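> Below are the sequence and a predicted model; questions follow.
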Amino acid sequence: MGLKTGSSTYLADFLRQCGGYAVIDGGLATELERHGADLNDPLWSAKCLVSSPHLIRRVHLDYLEAGANIIISASYQATLQGFEAKGISRDEGETLLKRSVEIACEARNIYNDRAGKGSWDDFGDGTGLKRKPVLVAASVGSYGAYLADGSEYSGIYGDAINVKTLKDFHRRRVQVLANSGADLIAFETTPNKMEAQAYAELLEEEAVNIPAWFSFSSKDGNNVVSGDSMVECASIADSCKQVVGVGINCTPPRYVKGLIQLIRKVTSKPILVYPNSGETYDGEKKEWVASRGVAEEDFVSYVEKWCEAGASLVGGCCRTTPNTIRAISKVLSSRSHRGGLN
Ligand SMILES: C[S+](C)CC[C@H](N)C(=O)O
Ligand SMILES: N[C@@H](CCS)C(=O)O
Ligand SMILES: [Zn+2]
């Protein structure tokens, strides 16, 4: 696709190919559950890598068909340590990690084949591209995600955990995913500054040769969930040369605009946002509490404002669906056609 892997302009180049704005997919776990998967398990969505990989492929495909330009693999809660606790060997665990990316690549191939045979033979937008540009991002969830108790929404890890233990925790998984065929690594739902620092050091120490984005979650609109400052977290991402995008995910939509403005202060890297529906997660029951959820139309009404504030990649996280992504895609493609103005 002519994108240079080691380049700091990787995501900017991709955005140009997409016409200025790119669509990220929606909640993967949400859709797996809607199709009947039981994710009440320490591996959460990664359980499907073992039990129903075909379902993962189907959900990726649904998101591509809904308009996604970036699909995120099912490796969010897939860790070698989590697999080992289930009696899955290191080798098998590494195979499952790679498999998560292969499944997403298979979905992209199926999508491209179908599109090639279909009625549209030009992507339009004067780009001359014959097909919609699609990237596969390998998800890396936090240490808190591995704990499987919703700790990624507190970011409080206790005194025993420091930057070094976090680097050791993530090291092998990051190495495996970096060599899995993914286009980039999506560090998602990052809850604190220490983990962002660990990711940045790891990317450098391991000389990871695919780009990454750092995405944080917040529950107050100023700080990441642990209480660490959003601005400080975004600054860590900005200083890491392999990081090509910075953003916010799995955060209630109402906080997102203000957070974009904070991130904007400290980076000129592309900003990505893929909020959740605004509901709250009960980590014990592994259920979402339908408190202050935002209906799909309302979610979409925010999209223009996020773009005006500086976001150029928009999608959805937990509790968003292909319908949400279809609606986001409509807004973004009309913005692309208007040349990003208004
Ligand atoms: C982003 S949360 C909804 C993921 C699931 C959580 N780590 C759990 O295992 O309960
Ligand atoms: N990408 C993850 C959620 C991160 S909070 C998933 O949807 O499975
Ligand atoms: Zn989420």
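Cool, got the structure. Ligands and ions are numbered 1, 2, ... in the order given.

> Please tell me how far residue 261 sits from residue 248.
The spacing between residue 261 and residue 248, counted by C-beta to C-beta, to the nearest Å, is 11 Å. C-beta here means a position set from N, CA and C on the backbone, and glycine is covered the same way.

> out of the two, which sits in the more crowded spot?
For residue 261 versus residue 248, neighbours defined as other C-beta atoms under 10 Å are more numerous around residue 248 (29 against 13).

> and residue 116, how many neighbours?
11.

> Next, the nearest residue to it once chain neighbours are set aside: secondary structure please.
With sequence-adjacent residues excluded and distances taken as C-beta to C-beta, 6 or more residues apart in numbering, residue 116 is closest to residue 131, at 7.0 Å. Secondary structure for residue 131, judged by DSSP: H, G, I helix; E, B strand; the rest coil, is coil.

> correct me, but residue 131 touches residue 109?
No: contact status for residue 131 versus residue 109: not in contact, 11.3 Å apart, counting by C-beta atoms under 8 Å.

> what number of residues lie near the residue in the chain that ligand 1 sits nearest to?
Of all residues in the chain, the one sitting closest to ligand 1 is residue 148 (3.6 Å; C-beta to the nearest ligand atom). Other residues near residue 148 come to 18 when the count uses other C-beta under 10 Å.

> Name the helix or strand for the closest residue to it other than its chain neighbours, please.
Closest residue to residue 148 in three dimensions, ignoring its sequence neighbours and counting by C-beta to C-beta, 6+ apart: residue 42, at 4.2 Å. In the assignment (DSSP states H and E), residue 42 maps to no helix and no strand.

> before we move on, the earlier item: and the residue of the chain closest to ligand 1, how far is that from ligand 3?
For residue 148, the distance to ligand 3 equals 14 Å [C-beta to the ion, to the nearest Å].

> on that earlier part again, what residues does the residue nearest to residue 148 make contact with?
77, 82, 85-86, 148 (C-beta atoms under 8 Å, 6 or more residues apart in numbering).

> Those residues, buried ones only, as a PyMOL selection?
Command for PyMOL, covering only those of the contacts of residue 42 found buried under the criterion 16 or more other C-beta atoms under 10 Å:
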select buried, resi 77+82+148
